[in-house]
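Chemist: Sequence below, structure please.
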Amino acid sequence: MAAPAHVITVGLEPDTAGAVRAWFQQFNYLPPIPLTAGKIEVITAAEGSFVKLLNVMAASPYQNFILVIHGADDGSGLWLKLLPQQTKPGTSHFDLQKLLDLSATGGTMSPTDEKTMGITQAQSLQVREALLKIQYKTIECIEFRSCNLGRNPLSLDRFRRFFGARVAGAPNVHTMFGNGVPLIAPNFELAHRGLHTGGNWETYNFPSAYKTPELVCCFQLNNLAKPESKGHVATGTAATLAAWIRKYFMPTGSYSNGSLALHSLWVADRPAPPLPQDRLMPGAKPGPRMVPAVVEFDRDQLDSPLGGWGGTGLRRMIPPLSELYGKHIIYAR
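Modeler: Okay, the predicted model is just below:
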């Protein structure tokens, strides 16, 4: 039986935060544990910080949390300041470990610590005061849907200990939420191609890449191979769309009209030039980011009703009910 959780988005763009809310309002399901949303709360970029988040969590009646915050590409941390006054834009697991050490010993920050972390000794005390509040709360589980945080097990465990959770999970790949009106029309195969304005579109044909599609799911990718722009779902009948939803997104899910919420993990790794400096967690060194991408391909799904999309190339899209979704959520206990 699914357990209720407090869903908190922090520092996201309004459209993305809205898509997260739409997902839990429409389907209210997040595997693999699984959890449902008992409450959904938005902390905007203007007010977002770890201190704000800690205070919200400490006051929450829930013991489970789903946190959606932008993550660093290398899994080393989150793009969230400890306090609004912090001089660097993100927080790494090294920063958290330093704060945990100071809290345990009652020590003070050195000038080097202040420069590295971008906060003063007085500001570190504000964070440690917020940490004291969360220490009096029992947190059972935190499910991060922060890109790549599960890629670094040490980082994930330090975030778990920072929040005092018994267990914390995070994806080792990109996280995606979307929201839009699906195209349902007899001529959808022709009509949806007219929506592919601009370049770099990726299309998934269901039930198989080797057959005439019954449904397509398309994304326009940015220069990091992530679907951060346009996308759509198109099919010929509402019944086909409903069957696709039940197979990949929620066993009891359905669609009648209006917008369709979408959530998926996304494999974005590919041979590419080094990340630009503004995409790196502060303190990290730029370098090659060719992470061998696993080709996830299961021929047993080719002929299953509304099964996989087949193909021998990189399978990027990993919806919640696919077998691979749970394999890409890494846990620290």
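Chemist: Which residue ranges of the stretch 151-300 of the chain form helices?
Modeler: With DSSP state H, counting those that start in this stretch as the criterion, the stretch 151-300 of the chain has helices at 153-163, 188-191, 238-248.
Chemist: So what's the residue count around residue 254?
Modeler: 12 (other Cβ atoms under 10 Å). Bear in mind the C-beta positions are built from the backbone N, C-alpha and C, glycine included.
Chemist: no wait, residue 248
Modeler: 22.
Chemist: can you count the residues close to the closest residue in space to it that isn't next to it in sequence?
Modeler: Distances taken as Cβ to Cβ, 6 or more residues apart in numbering put residue 319 closest to residue 248, at 4.0 Å, once the chain neighbours are dropped. For residue 319, the count of nearby residues is 20 (other Cβ under 10 Å).
Chemist: Can you give me the buried ones in stretch 233-251?
Modeler: For stretch 233-251, the neighbour count (16 or more other Cβ atoms under 10 Å) marks 233-236, 240-241, 243-245, 247-250 as buried.
Chemist: Now for those: which two are most distant?
Modeler: Using Cβ to Cβ, the two most remote members of the buried residues of stretch 233-251 are 236 and 250, lying 21.7 Å apart.
Chemist: Hmm, residue 207 is touching residue 235, no?
Modeler: No. Look at residue 207 against residue 235 with Cβ atoms under 8 Å: they stay out of range, at 11.4 Å.
Chemist: okay, and the common contacts of the two?
Modeler: Common contacts of residue 207 and residue 235, defined by Cβ atoms under 8 Å, 6 or more residues apart in numbering, comprise residue 214.
Chemist: Contacts only, for the closest residue to residue 253 other than its chain neighbours.
Modeler: Nearest residue to residue 253, sequence neighbours excluded (Cβ to Cβ, 6+ apart): residue 245, at 4.5 Å. Contact analysis of residue 245 by Cβ under 8 Å, 6+ apart lists 253, 254, 255, 260.
Chemist: Make CSV from these and add pLDDT to it.
Modeler: Shown next, in CSV, are those (pLDDT from 0 to 100):
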residue, pLDDT
253, 92
254, 90
255, 91
260, 96
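Chemist: Give me the below-cutoff pLDDT ranges for the protein.
Modeler: 269-315 (pLDDT under 70).
Chemist: tell me the domain ranges of it?
Modeler: Following automatic domain parsing, one finds the domains of the chain at 3-173, 176-325.
Chemist: so how far is stretch 5-25 off the chain centroid?
Modeler: 10 Å (Cα atoms, centre = their mean, to the nearest Å).
Chemist: Could you do stretch 143-154 as well?
Modeler: With Cα atoms, centre = their mean as the basis, stretch 143-154 stands 9 Å off its chain's centre.
Chemist: can I get the CA coordinates of it in CSV?
Modeler: Coordinates of the C-alpha atoms in stretch 143-154 are reproduced here as CSV (Å, rounded to 0.1, in the frame of the first residue of the first chain):
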residue,chain,number,x,y,z
GLU,A,143,12.5,10.4,-2.6
PHE,A,144,14.6,13.0,-4.5
ARG,A,145,13.6,13.5,-8.1
SER,A,146,16.8,15.6,-8.6
CYS,A,147,18.8,14.8,-11.7
ASN,A,148,21.7,12.5,-11.2
LEU,A,149,21.9,12.7,-7.4
GLY,A,150,21.9,8.9,-7.3
ARG,A,151,25.0,8.8,-9.5
ASN,A,152,27.2,9.6,-6.5
PRO,A,153,26.5,7.1,-3.6
LEU,A,154,28.6,9.2,-1.1
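Chemist: thinking again about what came up before, for ChimeraX, write the selection for the buried entries among the contacts of residue 245.
Modeler: Buried members of the contacts of residue 245, defined by 16+ other Cβ under 10 Å, are picked up in ChimeraX with:
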select :253,255,260
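Chemist: can you list the helices of the stretch 151-300 of the chain in TSV and add distance to residue 97?
Modeler: Conversion of those to TSV gives the following (distance: least, Cβ to Cβ, whole Å):
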stretch	distance to residue 97
helix 153-163	5
helix 188-191	52
helix 238-248	38
